[in-house]
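Asks: Take a look and give me a structure for this.
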Amino acid sequence: MAQYSAQLDGVFVALADPTRRGVIQRLGRGPASVGELAGEFPMTLPSFIKHLRTLEASGLIRTAKSGRVRTCTLNRERLAVVDDWLAQQRGIWEARTDRLERLLTDPKEHRQ
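Replies: Numbering: from 1, shown residues only. Next up, the predicted model:
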């Protein structure tokens, strides 16, 4: 459980920044070189590379170097960590709202 929590924390930290979310969104359309990605954001290359390192450390992206070109790809499997967590939360809240609805609509519930 602690490892799952650490993975989830890392993914949420990585997704907390709009630049990093933009990179994830762009890589959702397919792989891109660091230069291509950096050209889409108004910042220096060293600053942009820090964002890529955060995304790579969280496992959301992978990079591979071929010659002088480093290409980034989205690791869609890592997004499953967030999807699983959201599904758990959705289940919890749906159960709570279902109980509230029964309480408000079932007169027998009011007597207890």
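Asks: Tell me which residues are up against the helix or strand where Ile24 lies.
Replies: Taking DSSP states H and E as the definition, one finds Ile24 inside helix 18-27. With contacts defined as CB atoms under 8 Å, 6 or more residues apart in numbering, helix 18-27 is touched by 14-15, 32, 37, 40-41, 43, 48, 51-52, 54-55, 60-61, 72-74. All C-beta atoms are positioned from the backbone trio N, CA, C, and that covers glycine.
Asks: hmm, 7 Å instead?
Replies: 14-15, 32, 37, 40-41, 51, 54-55, 60-61, 72-74 (CB atoms under 7 Å, 6 or more residues apart in numbering).
Asks: For these, give me a markdown table that also has pLDDT, distance to Ala80 and secondary structure.
Replies: Listed next are these as a markdown table, based on pLDDT from 0 to 100; distance: CB to CB, whole Å; DSSP: H, G, I helix; E, B strand; the rest coil:
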| residue | pLDDT | distance to Ala80 | secondary structure |
| --- | --- | --- | --- |
| Ala14 | 95 | 15 | helix |
| Leu15 | 95 | 14 | helix |
| Ala32 | 97 | 22 | strand |
| Leu37 | 97 | 23 | helix |
| Glu40 | 93 | 26 | coil |
| Phe41 | 94 | 26 | coil |
| His51 | 97 | 22 | helix |
| Thr54 | 97 | 19 | helix |
| Leu55 | 97 | 16 | helix |
| Leu60 | 96 | 11 | coil |
| Ile61 | 97 | 15 | strand |
| Cys72 | 98 | 19 | strand |
| Thr73 | 97 | 16 | strand |
| Leu74 | 97 | 12 | strand |
